[in-house]
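Participant: Make a model of this:
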Amino acid sequence: MSVLGEELELRCGATLPNRIAKAAMTEAMAGVEGVPGDTLRALYARWGAGGAGMLITGNVMVDRRYLERVGNVIFDARSPLEPSRRWAEEARAGGAKLVAQLSHPGRQCNRFVNPKPVAPSAVDAVDLMMFFTRPRALTSEEIDEVVARFAGAAATARRAGFDGVQIHAAHGYLLSQFLSPLTNLREDAWGGDLERRAALVRACVAAAREAGGPGFIVGVKLNSSDFQRGGFSQEDSMQVARWLDEDGVDFIEVSGGNYESMALLGAEEGGAFSKRTRDREVYFKDYAVEVRAHVDAPIMLTGGMRRGELMREVLSEGAADIIGLGRPFATDPEIARRLIEDDSAVAPSESPPVPPPSLKTMFGVGESAWYGEQLKRMGEGKDPDLSMGWLKPSRSYLTHEIFNAVRRRYKTDIEGEPAEV
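Facilitator: Modelled structure (predicted):
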């Protein structure tokens, strides 16, 4: 059997049936109330039948006031349990472990969702296409509530039949903002030196572990770096990974960038879609190799890998324990099975044509919209359309975001308490 098909036992006692995980991709299929519906369940049923060992959902939000985007699933006290139970049941039918990625956007909550975002400190607005406004600083009491919300969301995931959760502490979202000295200017127990800046993510991990109970997976998504001068550095990340390892996390997924550095969207040299990065193929391997030498927790490496041969090499070398694939699952829902069964298999790398350099930022949004349209098609029972351009999905994406965000603010109650643990 290929090393990709080998089982992996996690610290909590759960066993992944193989080493391929579907990494999180934002889906925005839950409607304005944040409830998973037919299209999202159909999408995950298709992925669940595709052979992956673990499926990590897109952003599941812990606070309905602050969303990454309209259409995120929300887990709080108002969330009905039965739709999430059906979601979990259909996703897990093929044998994959299902993990909910729990997230809070912090200052990366756009102005259409909520024009008054929150952050560790009252820093400048996110500088991206005028989508964001200046955040206010969370109070100490509100930070305690953030921990309670992560705990409540983990408890909801457990009750719904999920196998675990992933705490999202990357890509510039709230927990990542606490880690960065550029966005965390606090001088209390939640800011200052790295240990205090890391206190919130560690508290959320501990709370999720307690809420989940025995056998419940708790992983973390962590930036290797923010790719911003003076921000969260690779040295910082290495130390946080050590602490998370001591805290007993079940896996650490390594990633990088945020909305401003654009390494996340690939609009900068060395970003995810630049020629230099495509040629390198494995975005964060060097960091993974280094962190692997210092932690015992399984490492999930996501980003760029397409050749099965390379994935097997990464696992055999011990650079990582789990291979994360995101966008290939948007164009080939059965890619995991093909990679495991065929040593020569290559994951798809289709994407729309790259526009002129002056449109790099817009293309970062446009490419995400293109992949999002493929997810929607699969949720509707259709196959991906790889001939689709990027401009039409971009227009649809922006129209959907603005219209539904405004409709949500004026037609629904956006207040919600944390779920009970």
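
Participant: Might you calculate how far stretch 136-147 sits from the centre of the chain?
Facilitator: Relative to the chain's own centre, stretch 136-147 is displaced by 22 Å; criterion: C-alpha atoms, centre = their mean, to the nearest Å.

Participant: Buried residues, that stretch. List them.
Facilitator: Using 16 or more other C-beta atoms under 10 Å as the test for burial, stretch 136-147 gives 137-138, 143, 145-147. For the C-beta atoms, the positions are set from N, CA and C on the backbone; glycine is no exception.

Participant: what does stretch 405-420 give?
Facilitator: So stretch 405-420, judged by 16+ other C-beta under 10 Å, has buried residues 405, 408, 414, 416, 418-419.

Participant: Quick one: the strands in this structure, in order.
Facilitator: 8-9, 15-16, 20-22, 54-56, 60-61, 73-74, 97-103, 118-119, 136-137, 164-169, 217-223, 251-255, 299-302, 322-325 (DSSP state E).

Participant: and of the ones you listed, who's closest to Ser396?
Facilitator: Evaluated over the strands of the chain, closeness to Ser396 peaks at strand 73-74, with 20.5 Å, by C-beta to C-beta.

Participant: Counting by contacts, list what that closest one packs against.
Facilitator: strand 60-61 (3 or more C-beta pairs under 8 Å, 6 or more residues apart in numbering; DSSP states H and E).

Participant: just how off-centre is the strand it packs on within its chain?
Facilitator: Its chain's C-alpha centre and that of strand 60-61 lie 10 Å apart, by C-alpha atoms, centre = their mean.

Participant: outside of that strand, which residues touch it?
Facilitator: 34, 67-68, 72-75, 100-105, 153, 157 (C-beta atoms under 8 Å, 6 or more residues apart in numbering).

Participant: pLDDT of that strand, averaged?
Facilitator: Per-residue pLDDT over strand 60-61 has a mean of 98.

Participant: Okay, now the sheet partners of it, with direction.
Facilitator: Here strand 60-61 is paired, per DSSP bridges, with strand 73-74 (parallel), strand 97-103 (parallel).

Participant: on that earlier part again, pick the one among the buried residues of stretch 405-420 closest to Met305.
Facilitator: Ala405 (34.2 Å).

Participant: Of the buried residues of stretch 136-147, which belong to helices?
Facilitator: Those of the buried residues of stretch 136-147 mapping onto helices are 143, 145-147, per DSSP state H.

Participant: Could you export those as JSON lines, including pLDDT?
Facilitator: Output for these, formatted as JSON lines (pLDDT from 0 to 100):
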{"residue": "Ile143", "pLDDT": "98"}
{"residue": "Glu145", "pLDDT": "98"}
{"residue": "Val146", "pLDDT": "98"}
{"residue": "Val147", "pLDDT": "98"}
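
Participant: just the residues you listed now: which is nearest Gly58?
Facilitator: Val146 (19.9 Å).

Participant: burial count for the closest residue to that closest one other than its chain neighbours?
Facilitator: Once flanking residues are discounted, Val146 sits nearest to His104: 6.4 Å by C-beta to C-beta, 6 or more residues apart in numbering. Per other C-beta atoms under 10 Å, the neighbour tally for His104 reads 25.

Participant: Please look at His104 and Glu145 and confirm they touch.
Facilitator: No: counting by C-beta atoms under 8 Å, His104 does not reach Glu145; the two are 10.6 Å apart.

Participant: hmm, which helix or strand of the protein has the shakiest average pLDDT?
Facilitator: helix 275-280 (a mean of 45; mean pLDDT, DSSP states H and E).
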